[in-house]
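1. have a look at this fold, sequence not included:
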């Protein structure tokens, strides 16, 4: 039996679609987190709230975007979920997507979602461009600037996006932002040279259809081997933003 059919059957026999698990998540919230757009649509049709939140105050859309659950996000948009709802440390969904480097989610929110790239979204960063710059998300930074995000937007913690990038140790992002302001930068990425010990490798240019959540070149090597060449030393794996077991990941049956 397909999961969607099972949900309808449970509802027929009195199952409560707004029931919550130990994390305060409804079935629709978990479906969105797992990128199960089919279940999101079914549960919404059975009365599930598309603006549901967990016990930490995260809206379903915000949780979905930071996980890269684009299909679920598209379903939530279609069903009328509020893309300006604030909750969690990142505020609105666009800020969460920018902070996580989720390029497809950012594109969807700016496009079909109609979210203003310069809207103040609350949370730790205030603006999506500041969130992306602080995290060194180069693709998202350029996408937001192309969409009209103002580099001078700052907030309580940063003077502007350049300041956020430098504070995060992302000088390359800060340099590009400064050059863009001066009219000397382009949206295209250049091939990159990576040093791996005594070797040098030419890495292909970044593409906009890839998320900014991956590591490449020497950074990836250092994470696993450590900056001094031994496992467990040197660069540490970044802390995961949120991690919850996928309740629908075992089987479609």
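-> Great, that's in hand. Remember, it's a predicted structure, so these values are computed and weren't measured experimentally.
2. what's around the nearest residue to residue 121 once chain neighbours are set aside, how many residues?
-> On the basis of Cβ to Cβ, 6 or more residues apart in numbering, the spatially nearest residue to residue 121 that is not a chain neighbour turns out to be residue 92, at 3.5 Å. No exception for glycine: its C-beta is placed from N, CA and C like everyone else's. Using other Cβ atoms under 10 Å, residue 92 has 27 other residues around it.
3. do I have it right that residue 92 meets residue 98?
-> No - under the contact definition of Cβ atoms under 8 Å, residue 92 does not touch residue 98, with a separation of 9.8 Å.
4. got phi/psi on residue 126?
-> According to degrees, to the nearest 10, the main-chain angles of residue 126 amount to phi 80, psi -50.
5. and it, what is it in contact with?
-> In this structure, residue 126 makes contact with 91, 95, 120, 153, 154, 155, 156, judged by Cβ atoms under 8 Å, 6 or more residues apart in numbering.
6. neighbour-wise, which one of these leads?
-> Across the contacts of residue 126, the neighbour count under other Cβ under 10 Å reaches its highest value at residue 95, namely 32 neighbours.
7. related to what we said a few turns ago, and the residue nearest to residue 121, how far from residue 170?
-> Residue 92 sits 22 Å away from residue 170 when distances are taken as Cβ to Cβ, to the nearest Å.
8. same thing with residue 99?
-> Here the criterion is Cβ to Cβ. By it, residue 99 lies 13 Å from residue 170.
9. now do the shared contacts for those two.
-> When contacts are counted by Cβ under 8 Å, 6+ apart, residue 99 and residue 170 are jointly contacted by 134, 135.
10. so what's the residue lying closest to residue 143 once chain neighbours are set aside up against?
-> Distance criterion Cβ to Cβ, 6+ apart; nearest residue to residue 143, sequence neighbours excluded, is residue 106 at 5.7 Å. Counting by Cβ under 8 Å, 6+ apart, residue 106 makes contact with 94, 97, 98, 128, 140, 143, 144.
11. where does residue 106 land on pLDDT?
-> Listed pLDDT for residue 106 reads 95.
12. helix or strand: which one has it?
-> When elements are defined using DSSP states H and E, residue 106 is found to belong to helix 103-110.
13. follow-up on the earlier one: find the pair from the contacts of residue 126 with maximum spatial separation.
-> Taking Cβ to Cβ as the measure, the contacts of residue 126 span a maximum distance of 15.0 Å, between 91 and 154.
14. assumed residue 17 was part of a helix.
-> No - per DSSP: H, G, I helix; E, B strand; the rest coil, residue 17 lies outside any helix segment and is coil.
15. how many neighbours does it have?
-> A count of nearby residues for residue 17, using other Cβ under 10 Å, gives 18.
16. from what I can see it touches residue 43, true?
-> Yes - the pair residue 17 / residue 43 is scored as a contact, 5.7 Å apart, by Cβ under 8 Å.
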